[in-house]
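Peer 1: Got a predicted structure plus its sequence, pasted below:
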Amino acid sequence: MSLAVFGKHLIVDAAGCNERIRDGAAIAAFSRRLVEAIDMKAFGEPIVEHFGHDDPKTSGYSLVQLIETSNITAHFCDFTGEAYFDIFSCKDFDAEIALGVIREHFAPSDYHSQFMTRQAPRVAAMAQTKLAG
């Protein structure tokens, strides 16, 4: 019997994104499309707010979308055209599909990503002990 992990986490750092990163309605539309594409269930509407008005070098939109299995967040920088995404869910999802939606909506000139499994060590060790016992 194998032990299931608690969750999957995709982290994406993107550069050279298109103008959609400066458009709150486009960011909300991205969120809805992403939730659908990776087969999640949204909990409420996406929260999209613009922050950092005191410093144009750090200003940009932030996105929070709760999903029934955790959350999707993103931060966009108006000045540099960068975007930073985090998708975490205890329900499995296809990272390549998520990356495709990011590329489709924001057309980054370059990006790097990490896809990892998440599991607290103590919980994993206790579960392994129960399985062995």
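Peer 2: Good, I have the coordinates.
Peer 1: List the contacts of Ile87.
Peer 2: Applying C-beta atoms under 8 Å, 6 or more residues apart in numbering, we find Ile87 in contact with His9, Leu10, Leu34, Ile38, Ile72, Phe93, Ala98. C-betas here are computed from N, CA, C, even on glycine.
Peer 1: Those in helices, which ones?
Peer 2: Leu34, Ala98 (DSSP state H).
Peer 1: between the contacts of Ile87, which is closest to Gly44?
Peer 2: If you rank these by distance to Gly44 using C-beta to C-beta, Ile72 comes first, at 12.0 Å.
Peer 1: For burial, what's the neighbour tally of the closest one?
Peer 2: 24 (other C-beta atoms under 10 Å).
Peer 1: Which pLDDT does the model give Cys77?
Peer 2: What the model reports as pLDDT for Cys77 is 97.
Peer 1: Would you mind naming the residues that bridge with it?
Peer 2: Glu82 (DSSP bridges).
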